[in-house]
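Chemist: What would the 3D arrangement of this be:
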Amino acid sequence: MKILSIQSAVAYGHVGNSAAVFPLQRIGVDVLPVNTVNFSNHTGYGAWRGPLIAPSDVADVITGIEERGVFPEVNAILSGYQGGEGIGDVIIDAVARVKSANPAALYACDPVMGNAKSGCFVAPAIPELLRERVVPVADIITPNQFELGFLTRTEPDTLESTLDSVDLARAMGPSIVLVTSVERPDREEGTIEMLAADDAGAWIVQTPFLPMKANGSGDVTAALFTAHYVSTRSAQVALERTASSVFDLLQLTLDSDARELKLIEAQEYYAHPKMQFAARQVR
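Modeler: Alright, predicted model coming up:
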């Protein structure tokens, strides 16, 4: 399997491609990373160095990959945080060109905009760009519950309202939706959930809630879910494998009291998920 991953990169720590590439490689995926920034560290530290890469330079790298004749072998395109409007255009163009070479390729978009605690933390134009232009060309989207609401102009909270919002999101274009950080009022105390839906139905998986902020965990989640979906074409299996791997990565990180994900130390959890969480079909 080959995945073209167009994301940010950092030298220190694990976000964007610096979070997604290694777990994908560890499960046997040949990753083609195209970086949109080259920062010293993620911006959550409040200080960082390094350049935003111009959209034209990102496009050049993608064109160079295309010139090697690789696009027919690409099974999926993956994108995450978009720092500016120009990158969106580059990604949309790359998706069209890959799909022209391989119509079976899937585009997975992690529509990063914010979260319930912080609100939106991207440039003002980005949510509209995602809603109007990027999400409609995606096959897979992996919003958190807050982002799902933003995309669909709804306020999902219960299981029923979240499923309704997923239906609205699927009507926008993507046939596969993974919703992370699902927090419904009637869930068991001390838990958090993820929900995945495709043409075959919808499933929810519940894991213990871990009291931590883990930059990059969403990037790992989107990457693993995409790869597992491409290989199995099952939202249920992709959801269960991803939940297992990401929970154990986060538990290891929490236990080590680390600021950054223990991405390397957790590698066996990607290669051999424990499958300790069963997904329940809800539709």
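Chemist: Name the single longest helix found in the chain.
Modeler: helix 235-255 (DSSP state H).
Chemist: list the helices and strands that one packs on?
Modeler: On a contact count with 3 or more Cβ pairs under 8 Å, 6 or more residues apart in numbering; DSSP states H and E, helix 235-255 meets strand 176-182, strand 191-198, strand 201-208, helix 217-232, helix 267-271. (Each C-beta comes from the backbone N, C-alpha and C, glycine too.)
Chemist: Let's check: the centremost residue of this structure is which one?
Modeler: Ala222 (2.6 Å; Cα atoms, centre = their mean).
Chemist: Could you check how far that one is from Pro124?
Modeler: 23 Å (Cβ to Cβ, to the nearest Å).
Chemist: now Ala266
Modeler: 36 Å.
Chemist: more crowded one of the two?
Modeler: Ala266 (21 against 7; other Cβ atoms under 10 Å).
Chemist: Could you verify my assumption that that one touches Leu252?
Modeler: Yes: between Ala266 and Leu252 there is a contact under Cβ atoms under 8 Å: 5.1 Å.
Chemist: Tell me the secondary structure of Glu265, please.
Modeler: coil (DSSP: H, G, I helix; E, B strand; the rest coil).
Chemist: can I assume it is in contact with Asp248?
Modeler: No: in this structure Glu265 lies outside contact range of Asp248 using Cβ under 8 Å: 10.5 Å.
Chemist: neighbour-wise, which of these two wins?
Modeler: Higher neighbour count among Glu265 and Asp248: Asp248, with 18 against 13, using other Cβ under 10 Å.
Chemist: give the contact list for that one.
Modeler: By Cβ atoms under 8 Å, 6 or more residues apart in numbering, Asp248 lies in contact with Ala266, Tyr269, Pro273, Lys274.
Chemist: which of those count as buried?
Modeler: Ala266, Tyr269, Pro273 (16 or more other Cβ atoms under 10 Å).
Chemist: In CSV, list these along with distance to Asn41 and pLDDT.
Modeler: Shown next, in CSV, are these (distance: Cβ to Cβ, whole Å; pLDDT from 0 to 100):
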residue, distance to Asn41, pLDDT
Ala266, 20, 98
Tyr269, 24, 98
Pro273, 29, 98
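Chemist: any idea which of those residues is closest to Thr232?
Modeler: Using Cβ to Cβ, Pro273 is the member of the buried ones among the contacts of Asp248 that lies nearest Thr232, at 12.4 Å.
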